[in-house]
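> show me how the following folds:
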Amino acid sequence: MFETKIYKNRRNTLKKSLNSGLVLLLGNEESSMNYADNCYRFRQDSTFLYYIGLNKSRLAAIIDVDEDKEFLFGDDPTIDQIVWTGKVPSLQELTKQAGMDGCRPYEGIRAYFDQHAKDRKIHYLPPYRPGHTLKLQEWLGLAPEEIAAGKSVELIKGIVEQRNVKSEQELARIEEAVNMSGQMHLEAIRATRPGMKEYEVMSRVHQKALELGGRLAFPIILTKHGETLHNHSYDNTIEEGDMVLCDAGAEHPDGYAGDLTRTFPAGRHFNDLQRTAYNIVLEAQIAAVDILKPGVRFLDVHLAACKKLVEGLKHLNLMKGNPAEAVQAGAHAMYFQCGLGHLMGLDVHDMENLGEEYVGYTGDLAKSKQFGLKSLRLGRKVEPGFVVTVEPGLYFIPELIDYWGGQKKHEAFINYDKLEEFRDFGGIRIEDDYIVTEGGCRLLGNPIPKKSSEIEELRRKALEESTDE
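I've put the predicted structure just below:
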């Protein structure tokens, strides 16, 4: 948690962005796995963390914009709870930590709205948990179908405006998370041995996050089948000749995320084809970073990376024709089906729960419906203080090859005969995190190897050390 004045200043800024009304900020509750007392790891709502700073369950806040009052709703722990949890702060102590005007029992929220909300706008965010929906129904007297329509776009836009620009204190936390993430990836590269199961390496990556005082920002992707974009299966045996894709990030204790990806050979080095494809992805990342600066649409950064990928794929005889025309037609999505990156902060996909149309796009720029491009979470112009990931990749998906190939889709740009040779190639992704600065952008965290020669040197040393043991 930051200093109390930081949260007070954030709330004051938020109030100035709203004309009037009551703001309801919902904290999260414990969520049970298979019975009431066996819970998933608690994760506080990120917007609640940003404005209130309290990482405790079963809390809510109401901010009265007109009266300039702020109240925390929760309950003091009972002696039965203290037996299991140990001493925890009282509600009054939490209220002081957050710098709010007062506190009230959690069950008093409905009564507060009954008393103070008559003919006044109630600002709330779109719920992403069923429990939030039920509370909004009860407290505000809304039918389920009314809740989505009643979300406050004014509140969403005010929050996005603030949270998009990271303060120096936030950047320090993010860099800590990125550095922890880097150590997780070095562990994966050094620990992998042919014959190991994916879950053996994944467990070492998770352990490293815990050793460094962090937690996982998202479920680890550790796979020899990198063509599956979000692959959370870890049962395969890693063999000599495979490539391993690791997408993993640590979460700082204050909630800020890191998100990196590295792809490396299971043996000492890539084969010639793997190395060529890897370098195409790296060149696309370099091209994207070179033009990432204030005032540039991330959509255009994405398209520049796509064009660079197509240029490289032409050298492999996998694509043909004019690269810019191929990208405009969407033919590159045979190999790159996702977006180049996303915003990052208290969420690894920052504020995605608030709606991509408000966070990543604007009224003047709508999200594309084209396959591949529709998966780009961020299209708007970036500004100083934005934290983004840049993560180009190449993914050879057999099912997509069959689906498009059967239709001869984009055959003016795709060499399907040559593509058949790549059915079992897998996937490659390289991902780093950047802060947009006044003059361009800066890599966050300590650099970790990503040139193919650097990756191979790490693998060589790791395998030689294992032979010496």
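> residues contacting the closest residue to Glu457 other than its chain neighbours?
Spatially, and ignoring its direct neighbours in sequence, Glu457 is nearest to Pro449 (7.6 Å; CB to CB, 6 or more residues apart in numbering). Heads up, the C-betas are built off the backbone N, CA and C, glycines and all. Residues in contact with Pro449 (CB atoms under 8 Å, 6 or more residues apart in numbering) are 189, 262, 455, 457-458.
> show the pLDDT at Glu469.
Looking at Glu469, its pLDDT reads 58.
> before we move on, back to that, so the residue nearest to Glu457, which of the three states?
Following DSSP: H, G, I helix; E, B strand; the rest coil, the label given to Pro449 is coil.
> for it, give me the pLDDT.
On the pLDDT scale, Pro449 gets 97.
> repeat for Glu465
Listed pLDDT for Glu465 reads 85.
> tell me which helix or strand it sits in.
Using DSSP states H and E, Glu465 sits within helix 452-468.
> that helix: how far from the chain's middle?
Remark: helix 452-468 is offset 30 Å from the chain centroid, using CA atoms, centre = their mean, to the nearest Å.
> please name every helix or strand in contact with it.
Secondary-structure packing of helix 452-468 (3 or more CB pairs under 8 Å, 6 or more residues apart in numbering; DSSP states H and E): helix 168-191, strand 260-265, helix 272-291.
> do that again at 6 Å, thanks
When contacts are defined as 3 or more CB pairs under 6 Å, 6 or more residues apart in numbering; DSSP states H and E, helix 452-468 packs onto helix 272-291.
> just the residues contacting the helix or strand following the helix it packs on, thanks.
As assigned by DSSP H and E, the chain's next helix or strand after helix 272-291 is helix 298-315. The contact list for helix 298-315, computed with CB atoms under 6 Å, 6 or more residues apart in numbering, reads 280, 283-284, 287-288, 291-292, 319, 323-324, 326-327, 332, 336, 340, 376, 378-379, 382, 392.
> 8 Å instead, please
Residues beyond helix 298-315 that count as contacts (CB under 8 Å, 6+ apart) turn out to be 276-277, 279-281, 283-285, 287-288, 291-292, 319-320, 323-324, 326-327, 331-332, 335-336, 339-341, 360, 365, 373, 376, 378-382, 388, 390, 392, 394, 413.
> that one: how far from the chain's middle?
Distance of helix 298-315 from the chain centroid (CA atoms, centre = their mean) equals 22 Å.
> what's the angle between it and helix 272-291?
Using axes from the mean of the first three to the mean of the last three CA atoms, to 10 degrees, one finds that helix 298-315 and helix 272-291 are set 150 degrees apart in direction.
> how about helix 298-315: buried residues?
Buried residues in helix 298-315, counted by 16 or more other CB atoms under 10 Å: 298-299, 301-314.
> the helices in the stretch 351-469 of the chain, which residues?
Ranges of helices within the stretch 351-469 of the chain are 356-359, 398-407, 416-419, 452-468, based on DSSP state H, counting those that start in this stretch.
> please apply the same query to the stretch 51-200 of the chain.
Going by DSSP H, counting those that start in this stretch, the stretch 51-200 of the chain shows helices at 79-85, 91-98, 109-116, 130-140, 144-150, 153-163, 168-191, 198-211.
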